[in-house]
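[1] Using only what follows, build the 3D model:
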Amino acid sequence: DPAFNPIVTRAAQLICTTPAFDSLAAAVGLHSHRDGVTDSTKRATLRAELDGLIAHLYGLTELEFAHVLSTFPLVADDIKTAAMGAYRVLKTL
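    Have a look, this model is predicted:
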């Protein structure tokens, strides 16, 4: 499925941040944990992109995704806004 690689790559970049994850990194196409992302701003972007990709994978419309995001009162608004922005950008790809 074409949706698989973008999701796996982003998830691996979030997970594989120490040498303990080098074998997982290699298994999913990263070179090592050095390809993992530790910068908090970049990690937030990856998480938003994952949310957007998964919303598309489930076939959610923009309105449906906005509703889902609204059901998480403990999630900060800037995180919801980033997820919705990623959804819109990824929609055009």
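[2] Can you name the residues that contact the closest residue in space to Glu64 that isn't next to it in sequence?
    Closest residue to Glu64 apart from its sequence neighbours, by Cβ to Cβ, 6 or more residues apart in numbering: Ala55 at 8.0 Å. From N, CA and C alone the C-beta is placed, and that goes for glycine too. Applying Cβ atoms under 8 Å, 6 or more residues apart in numbering to Ala55 gives the contacts Glu64, Phe65, Val68, Ala83, Tyr87.
[3] in this structure, which helix has the most residues?
    Determined from DSSP state H, the single longest helix within the chain is helix 40-57.
[4] got a list of contacts for the very next helix or strand once past that one?
    Note on helix 40-57: by DSSP states H and E, the next helix or strand toward the C-terminus is helix 62-70. Contact with helix 62-70 is made by Ala55, Leu60, Val75, Lys80, Ala83, Met84, Tyr87, Arg88, Lys91, as judged by Cβ under 8 Å, 6+ apart.
[5] now these: which count as buried?
    Buried members of the contacts of helix 62-70, scored by 16 or more other Cβ atoms under 10 Å, are Ala55, Leu60, Lys80, Ala83, Met84, Tyr87.
[6] I'd like the average pLDDT over the strand or helix carrying the third one.
    Secondary structure here is read from DSSP H and E; on that basis Lys80 sits in helix 77-91. Model confidence over helix 77-91 averages 95 on the pLDDT scale.
[7] just stretch 56-67 next, same as before
    Mean pLDDT, stretch 56-67: 96.
[8] Pull out the buried positions in that stretch.
    Neighbour count says stretch 56-67 has His56, Leu60, Phe65 buried, by 16+ other Cβ under 10 Å.
[9] Then stretch 12-21?
    Ala12, Gln13, Ile15, Cys16, Thr17, Phe21.
[10] so how far is Arg34 from the residue lying closest to the third one once chain neighbours are set aside?
    Taking Cβ to Cβ, 6+ apart as the measure, Ile15 lies nearest to Phe21, with 6.1 Å between them; neighbours along the chain are not counted. Distance, Phe21 to Arg34, using Cβ to Cβ, to the nearest Å: 11 Å.
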